[in-house]
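# here you go, sequence then predicted model.
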Amino acid sequence: MSIMKSIQNKIQDLLYGNNEEYNRRDTLSAATDPDFMLYSPEVVGYNTTAEQQFLFQNLIMGLDATSFSVLDIGCGRGDLYGFLKELWPDHLFGYTGIDMNPIMCDLGREKYRLELINGSFDNTKLSAHDWVIAGGFFTQRRCETEDDDLKKMFVDIDNMYNLANRVVSFNLLSPINNKIHEGFFYVHPGLVMDLLIEKYKFVTVRHNYSNDVYTVSIYKI
């Protein structure tokens, strides 16, 4: 089975299947379940495990499983690593995760035996990887004004692009037909696509999951 077909089948399972393990994770309780911090999607900002898995698939769409390395920015507890290992259990690949939250880094060590980098993307020296991925990195506002947030985002994207051998992929929140929540960062997908195509040329925007979240990929061809 081809890589793309395998991913497409997995998407169909997530959208229309009934995964007992995902359902179990979604119902874990912080008060009563010792597995809550390790497995609940709530801990890393998702409503359901299926949602998290679907967005991972958006982020790696087109990934070549024969040889690759991944830099995961804002990695949380390293669940993208777990997703890739589930997708290609026999494949060896390079993975580096960085997150500012030391608790998340400790969870990644416990869950996947990963040595995640506890630090800031802004001031941590990182090596180049084939894919540079930022799943929830741009969710929260980080500056005093929207203009400064937008400028900061494009600086970060450029830094990610310089660290990528092949692809940069990240999620953003859309302001279109959505309720705007205080403290969250929203960017019009049309604006993002226009500006990124002008600078980087090969860009896709996947607005294929919900009204809120869309995925942007920039390809180095």
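Alright, I've got the coordinates.
# residue contacts, the residue nearest the centre of the chain?
Nearest to the geometric centre of the chain sits Gly135, at 2.0 Å (CA atoms, centre = their mean). Neighbouring residues of Gly135 by CB atoms under 8 Å, 6 or more residues apart in numbering: 55-56, 59, 72, 74-76, 80, 170-171. In short, each C-beta sits where N, CA and C put it, glycine included.
# just checking, what packs against the strand or helix carrying Met153?
Per DSSP states H and E: Met153 is located in helix 146-163. Applying 3 or more CB pairs under 8 Å, 6 or more residues apart in numbering; DSSP states H and E, we find helix 146-163 packed against strand 129-134, strand 164-173, helix 189-200.
# which residues touch that helix?
71, 73, 121, 126-129, 132, 134, 137-138, 141-143, 168, 170, 185, 187, 195-196, 200, 218, 220.
# centre of the chain versus it, how much separation?
On the basis of CA atoms, centre = their mean, to the nearest Å, helix 146-163 sits 16 Å off its chain's mean C-alpha point.
# avg pLDDT for that helix?
Helix 146-163 carries an average pLDDT of 96.
# how about stretch 39-47?
93.
# distance across it, terminal residue to terminal residue?
12 Å (CA to CA, to the nearest Å).
# cool, stretch 63-83 as well?
13 Å.
# and stretch 28-48, by the same measure?
End-to-end for stretch 28-48, by CA to CA: 11 Å.
# poorly predicted segments of the protein, please.
For the chain, the stretches with pLDDT under 70 are 1-18, 65-66.
# now the strands for it?
Counting by DSSP state E, the chain has these strands, from start to end: 69-73, 94-99, 117-118, 129-134, 164-173, 203-206, 213-219.
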